[in-house]
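Engineer: sequence first, then the predicted structure:
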Amino acid sequence: MTLAEARERVAVLQRTLAYHNHRYYVQDDPEISDAEYDRLFHELLALEERYPELRSPDSPTQRVGAPARADFGPVAHGQPMLSLANAFTESDVEDFDKRVRERLGRSAIPYVAEPKLDGLAISIRYEDGRLVQAATRGDGAVGEDVTGNVRTIRTCPLKLTARRVPGVIEVRGEVYLPKAGFQELNARQEAQGLKAFANPRNAAAGSLRQLDPAITAGRPLRLFCYGVGLIAGWEEPLVSQEALLTWLRALGLPVNPDWSLVTGAEGCLAYYREIADRRKDLPYEIDGVVYKVNHFDDQRALGTLARSPRWAVAHKFAPEEALTQVRAIEVQVGRTGALTPVAVLEPVMVGGVTVSHATLHNPEELARRDVRVGDTVRVRRAGDVIPEIAGVVREQRPEGIRPFAFPTQCPACGAPVLREEGVVARCAGGLACPAQRRQSLRHFASRRALDIEGLGDKLIEQLADAGRVVTVADLYSLTRDELARYERMGERSADRVLKSLARSRTTTLARFLYALGIPEVGEATALALARHFGDLEPLMAADEEAFMAVPDVGPVVARALQTFFAEAHNRSVIAALRRAGVHWEPVAAIATQGGPLAGKTVVLTGVLSDMTREEAKAALQARGAKVAASVSRQTDFVIAGRDPGGKVDKAREWGVPVVDEARLRAWLNE
């Protein structure tokens, strides 16, 4: 491979891995298996080692996870949350042990071996024994504030139980869903007509990163702790991982009981085989085991690399594979308009499960693998996730079969297919695409969008299937008599839906933009757009350059916005919504500079009488304030409604001013 070819391949891999990082860490909706991600990652790592000049500071090999979502406040970790290097074979583990022994100059090294849970990494901060903050890994340096959600996890203590505790301790652990809890959650999802989660890891991540802690509280999340970051106000030194796990349990924190102290590569591999044999009987999902050098002096001597420590490694379970034939290639249109090629297979058993379909991920991967109808392929299941095609058996390819031609028009609605940086193909039909119809209706009616009460999944399904509601604008032409005829509906239910539809006609520009379901546009981005443009007309007339001038809007979001508003289908639906009476007050006059709220960090607590917490949050943000989830020393003031709880006590303890709802109204009216 020439330098020019390597440069081109590195650019593609960096772009592809960054995209999949976003899907995995930010959207909790991965498109590829861990095994496929690892393969791409190691290909990039090998190229960057061969051509160091191609390694950039923002390469996925130099980072951990993905940037924090704007929906949650940022949290800087007291110490970085690193990722782990991977081992896939016994020789990889032996090589790891050899490197450790050579660096330390010793003949045998003790390790703590632990199951590698398939969940979401978390850092929980305790001050004087009380839980004050919890954050996701984020990019390793800055994570997302999920304190309110972590407080709902029953196995996570709000107060450490030991008599003596550190002044400050950041506890590191994994939030996960037990197998039984995962099955229970999916049964509940299906009963409510919602999409089932693909695997426990997605379910755990999606549950933990809800904007509404009440949703998280309804999910059977669990926690295991395995490490610490920053510790202050504690004079007794910890000497080993073994001692740390014992101490964490003594503090009242949940620790996985299946860890073991082993010696050398032989001990590690024996533990690996034992856990692999017990894997199906464990009450939680794992995708491998982790080996950590036991003594902390040794860990410090070994040090760390850019994204992982030299003293630990994750030994992944091998994926299971089988051979079968490709019957057809279908292109499915997802709820966000993303087009995914799927191979229809001759059914085959893989890891005890009959597999008849396998994802081909996206157009770029399909072209790179060159999978064709009639090919014999290796199908793989790794980590009990969606099956994928691991490779084509080229020597068995029949003569005359042609490469698959990816469609240029959406198979569901005929709208143009747009390619996003070569990775994703997306239908431009948006609000008018039938494949996206149900999801568009659900999202439009959701509480944080236009909040249409009574318009549940069952009714949406009936309206969409009957063809009565083709776009969200059709909701406003529904009548009492026709609503009452649908299953589980009567005149009283119909009246409730119609009253809610009438209320939803009066909204805010930010809520309306969010309700449209524009790809890449969440609540925070919708609010930033509303504050920047003031009204819909200048926003719809903007180009990519104008969108890029909005804080936190990058090229991907700008392109998504321009594409959405350029589509005649979407403009037609928006016009129909305006004719149906959906309206808002322009926000151009709201000042975001100056005033009593600009630049202030605010915490809301308790029940407000004149507005919902979401409405108060939007109003505060529109006036330049930052609304945080928990009280810290950086909080400027706390706004307390009825039954405020412990946040007021914490504010008074730290001297943070507490104001009432009357003061909030006065500020909002200035």
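Structural biologist: Yep, that arrived. Residues are numbered from 1 along each chain as shown.
Engineer: helix or strand right after the longest helix seen in the chain?
Structural biologist: Ranked by residue count, the top helix of the chain under DSSP state H comes out as helix 3-21. Beyond helix 3-21 in the direction of the C-terminus, DSSP states H and E gives the next helix or strand as helix 34-50.
Engineer: show me the contacts for the nearest residue to residue 433 once chain neighbours are set aside.
Structural biologist: Excluding the flanking residues, the one nearest residue 433 by CB to CB, 6 or more residues apart in numbering is residue 413, at 4.2 Å. Bear in mind the C-beta positions are built from the backbone N, C-alpha and C, glycine included. By CB atoms under 8 Å, 6 or more residues apart in numbering, the contact set of residue 413 is 427, 429, 432, 433, 434, 435, 569.
Engineer: one more: residue 141?
Structural biologist: 76, 77, 80.
Engineer: just residue 60 next, same as before
Structural biologist: Per CB under 8 Å, 6+ apart, neighbours of residue 60: 14, 17, 18, 21, 41, 44.
Engineer: burial count for residue 320?
Structural biologist: 16 (other CB atoms under 10 Å).
Engineer: for it, grab phi and psi.
Structural biologist: When quoted as degrees, to the nearest 10, the phi and psi of residue 320 stand at phi -100, psi 140.
Engineer: got it, and residue 605?
Structural biologist: phi -150, psi 150.
Engineer: residues making contact with the helix or strand bottoming out on mean pLDDT in the chain?
Structural biologist: The weakest-scoring helix or strand in the chain, judged by mean pLDDT, DSSP states H and E, is helix 613-622 (a mean of 74). Identification of contacts with helix 613-622 by CB under 8 Å, 6+ apart yields 447-448, 508, 510-511, 527, 530-531, 587, 590, 592, 597, 602, 604, 608, 611, 627, 639, 664, 668.
Engineer: let me see the confidence value for the nearest residue to residue 121 once chain neighbours are set aside.
Structural biologist: Closest residue to residue 121 apart from its sequence neighbours, by CB to CB, 6+ apart: residue 137 at 4.4 Å. Note for residue 137: predicted pLDDT of 90.
Engineer: what's the spacing between residue 137 and residue 122?
Structural biologist: Distance of residue 137 to residue 122, computed by CB to CB, to the nearest Å: 8 Å.
Engineer: quick one on the thing from earlier: drop anything exposed from the contacts of residue 141.
Structural biologist: residue 77 (16 or more other CB atoms under 10 Å).
Engineer: same list, the contacts of residue 141, but as JSON lines with distance to residue 159, secondary structure and pLDDT please.
Structural biologist: JSON lines is the format used below for the contacts of residue 141 (distance: CB to CB, whole Å; DSSP: H, G, I helix; E, B strand; the rest coil; pLDDT from 0 to 100):
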{"residue": "76", "distance to residue 159": "24", "secondary structure": "strand", "pLDDT": "88"}
{"residue": "77", "distance to residue 159": "22", "secondary structure": "coil", "pLDDT": "90"}
{"residue": "80", "distance to residue 159": "27", "secondary structure": "coil", "pLDDT": "89"}
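Engineer: adding distance to residue 259, write the contacts of residue 141 out as CSV.
Structural biologist: CSV is the format used below for these (distance: CB to CB, whole Å):
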residue, distance to residue 259
76, 29
77, 24
80, 23
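Engineer: number of nearby residues for residue 243?
Structural biologist: With other CB under 10 Å as criterion, residue 243 counts 15.
Engineer: re earlier: now intersect the contacts of helix 613-622 with the helices, please.
Structural biologist: Among these, the ones falling in helices (DSSP H) are 510, 511, 527, 530, 531, 664, 668.
Engineer: from memory the third one sits against residue 512, does it?
Structural biologist: No. Here residue 527 lies out of contact with residue 512, judged by CB atoms under 8 Å, at a distance of 11.4 Å.
Engineer: which SS class is residue 107?
Structural biologist: For residue 107, the assignment made with DSSP: H, G, I helix; E, B strand; the rest coil gives coil.
Engineer: for it, which non-adjacent residue is closest in space?
Structural biologist: In space, residue 107 is closest to residue 101, 6.6 Å off (CB to CB, 6+ apart).
Engineer: so which helix or strand takes in the one you found?
Structural biologist: Going by DSSP H and E, residue 101 is in helix 90-104.
Engineer: from the chain's centroid, how far away is that helix?
Structural biologist: On the basis of CA atoms, centre = their mean, to the nearest Å, helix 90-104 sits 34 Å off its chain's mean C-alpha point.
Engineer: buried set for it?
Structural biologist: So, applying 16+ other CB under 10 Å, buried residues of helix 90-104: 92, 93, 94, 96, 97, 100, 104.
Engineer: try stretch 182-189
Structural biologist: 182, 185, 186.
Engineer: sorry, back to before: where's the dip in pLDDT among the ones in helices among the contacts of helix 613-622?
Structural biologist: For these, the least confident entry is residue 668, with 72.
Engineer: do I have it right that it meets residue 623?
Structural biologist: Yes. Using CB under 8 Å, residue 668 is in contact with residue 623, at 7.2 Å.
Engineer: and these two? which has more neighbours close in?
Structural biologist: Neighbour tally, residue 668 and residue 623, criterion other CB under 10 Å: the higher count belongs to residue 623, 21 against 17.
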